[in-house]
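Q: Build me a structure from this.
(one chain, ligands or ions: 1)
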Amino acid sequence: MKPINVGLLGIGTVGGGTFEVLARNQQEITRRAGRGIVIRMVADKDLERARKLVGDSATVTADAFEVVQHPDIDIVIELIGGTNIAQKLVLKALECGKHVVTANKALLATCGNEIFAAARKHGVMVAFEAAVAGGIPIIKALREGLTANRIEWIAGIINGTSNFILSEMREKGTDFGVVLKEAQRLGYAEADPTFDIEGIDAAHKLTIMAAISFGIPMRFKDAYTEGISGLSAADIRYAEELGYRIKLLAITRRAAKGIELRVHPTLIPARRLIANVEGVMNAILVKGDAVGATMYYGAGAGAYPTASAVIADLVDVTRMHTADPEHRVPHLAFQPDQLSNVPILPITEVDTSYYLRLRVYDRPGVLADVTRILADNAISIDAMVQKEPSEGDDQVDIIMLTHLTVEKNVNAAIAKIETLPVVIGKVTRIRMEQLGTQ
Ligand code: HSE
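A: The predicted structure is shown next:
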């Protein structure tokens with residue numbers, strides 16, 4: 001059979017890795033796909049670098065629209081990133097009847113509903129394994145491997161940059177700012193690290209996983225996002241003393257009142273496997289009603305791991321290219337007319353437990369005042385520690401762990417506690433998850 005022709009948009013780190021792995025493993029890939037997969041055209045702003053990478057094997061152009069509209073191209077790989085030009089290119093490619101493979105989580109989380117509708121209209125596929133957790137085949141697992149299950153919840157470490165920073169803060173006892181600079185020096189964090197450290201990148205990926213797990217549209221704008229820039233080395237240390245690790249966790253759960261969709265620093269028991277995922281690695285725990293808890297671990301970024309996911313999609317699309325659209329795996333795992341409109345819960349309605357740290361003057365009655373406010377808001381204390389004051393100091397840190405409670409009650413209690421004259425500064429609040437698998 002004649003090879004399938006691919007147009008590659010963007011030959012940076014992931015594009016270069018894709019080009020290289022596809023060439024290196026061409027024989028194995030052809031044996032699997034049933035026909036050759038050949039990159040015929042490459043679009044990149046840096047023509048010189050692109051030509052150096054691809055040699056004579058493909059046509060190189062600076063005009064990505066030339067690639068998406070070229071009649072010889074069957075599949076377009078979009079590795080440009082961002083939402084502006086990438087959206088226009090993807091929509092144009094679909095309109096021209098090309099299948100699209102993309103690693104662009106921001107694009108799918110924010111414009112996915114429009115993109116999938118366009119793909120359906122034109123009878124083509126949009127594949128996005130590389131958009132979530134790099135080389136880990138989590139989309140394949142959720143969309144196909146777990147289709148028998150009612151998915152109950154997902155909890156993932158899906159941003160390597162922030163996980164690297166948290167691992168370093170814990171191991172070295174260093175503050176956030178210092179570790180961020182180190183991560184930037186090592187090339188793990190970007191010059192503008194906002195998307196990674198503020199949980200936005202993780203929320204994009206979580207939005208995609210929630211959609212294919214629960215059969216809902218992409219709802220990025222309803223996701224709650226809180227990053228790691230406000231975390232102190234002291235809280236990481238106190239958590240450790242209590243048997244917990246702090247991770248930037250992306251959580252989605254089917255709760256009684258709606259679906260939780262939230263990214264925030266989270267205390268998790270140190271004995272959990274996922275609590276021991278360190279550095280830039282990613283891991284995702286998925287709880288299905290039939291299978292129980294399953295965990296997926298691997299490299300969440302990097303040229304070759306991400307290329308692995310891009311090429312897996314290329315093979316899938318190649319195999320399904322000639323299939324009738326109704327017989328392909330639906331983009332969002334559920335049939336398009338079966339998507340549900342179940343609401344995303346506002347964070348104030350989410351039930352979880354909390355780590356609270358407050359600095360107080362070491363005087364009689366302080367604890368009584370604080371615990372009275374918690375009781376008035378129906379918050380039950382699970383554990384409590386008072387740290388020794390430093391010598392000559394009359395201020396102490398009190399750490400409380402609560403039982404499950406609804407977030408709006410905790411907000412009300414914190415606001416009240418902060419008005420007590422014996423309380424110094426703000427109360428630190430970090431959500432906790434037990435991630436029990438029963
Ligand atoms: N910047 C991401 C991370 C990888 O740090 O995990 C690409 O999504």
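
Q: From here on, just use CA atoms for contacts and neighbour counts.
A: Noted.

Q: What separation do you get for Glu99 and Leu22?
A: For the record, residue 99 is His, not Glu. 18 Å (C-alpha to C-alpha, to the nearest Å).

Q: now Thr161
A: 27 Å.

Q: who's more crowded, these two?
A: Taking neighbours as other C-alpha atoms under 10 Å, Thr161 and Leu22 compare with Thr161 leading, 25 against 22.

Q: per-residue confidence for Asn25?
A: Note on Asn25: pLDDT of 98.

Q: ok, how many other residues are close to it?
A: Using other C-alpha under 10 Å, Asn25 is surrounded by 10 other residues.

Q: Give me the three-state assignment for Phe334.
A: Using DSSP: H, G, I helix; E, B strand; the rest coil, the three-state assignment for Phe334 comes out as coil.

Q: all helices in the stretch 251-400 of the chain, in order from the N-terminus.
A: Counting by DSSP state H, counting those that start in this stretch, the stretch 251-400 of the chain has helices at residues 303-320, 366-376.

Q: List the buried residues in stretch 346-362.
A: Buried residues in stretch 346-362, defined by neighbour count with 16 or more other C-alpha atoms under 10 Å: 346-347, 350-351, 353-362.

Q: can you tell me which of these are up against the ligand?
A: Applying C-alpha under 6 Å from any ligand atom, the subset of the buried residues of stretch 346-362 adjacent to the ligand is empty.

Q: list the contacts for the residue in the stretch 201-350 of the chain that the ligand sits nearest to?
A: Residue of the stretch 201-350 of the chain nearest the ligand, by C-alpha to the nearest ligand atom: Ala301 (4.8 Å). Applying C-alpha atoms under 8 Å, 6 or more residues apart in numbering, one finds that Ala301 lies in contact with Ala133, Gly134, Gly135, Gly160.

Q: interface residues of the stretch 51-200 of the chain facing the ligand?
A: Residues of the stretch 51-200 of the chain lying close to the ligand by C-alpha under 6 Å from any ligand atom are Ile158, Asn159, Gly160, Thr161, Asp196.

Q: at 8 Å instead, please
A: Residues of the stretch 51-200 of the chain that fall close to the ligand, judged by C-alpha under 8 Å from any ligand atom: 105, 131-134, 158-163, 188-189, 195-196.

Q: Give me the subset of those residues lying in strands.
A: Mapping those onto strands (DSSP state E) picks out no residues; all lie outside.

Q: related to what we said a few turns ago, pipe the buried residues of stretch 346-362 into TSV and attach pLDDT per row.
A: Listed next are the buried residues of stretch 346-362 as TSV, based on pLDDT from 0 to 100:
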residue	pLDDT
Pro346	98
Ile347	98
Val350	98
Asp351	97
Ser353	98
Tyr354	98
Tyr355	98
Leu356	98
Arg357	97
Leu358	97
Arg359	95
Val360	95
Tyr361	94
Asp362	91
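
Q: wait, which of those is closest to the ligand?
A: Nearest member of these to the ligand, counting by C-alpha to the nearest ligand atom, is Ile347, at 23.8 Å.

Q: Surely Lys105 is in contact with Leu206?
A: No. If you go by C-alpha atoms under 8 Å, Lys105 and Leu206 don't touch, sitting 9.4 Å apart.

Q: Of those two, which one has the most company?
A: A direct count of neighbours by other C-alpha under 10 Å for Lys105 and Leu206 places Leu206 higher, at 30 against 27.

Q: what about that one, distance to Val100?
A: Counting by C-alpha to C-alpha, the gap from Leu206 to Val100 is 21 Å.

Q: what's the answer for Met218, then?
A: 18 Å.

Q: Among the two, which residue is more densely surrounded?
A: Per other C-alpha under 10 Å, whichever of Met218 and Val100 has more neighbours is Val100, with 27 against 23.

Q: wait, is the more buried one part of a strand?
A: Yes. If the criterion is three-state DSSP, then Val100 is within a strand.
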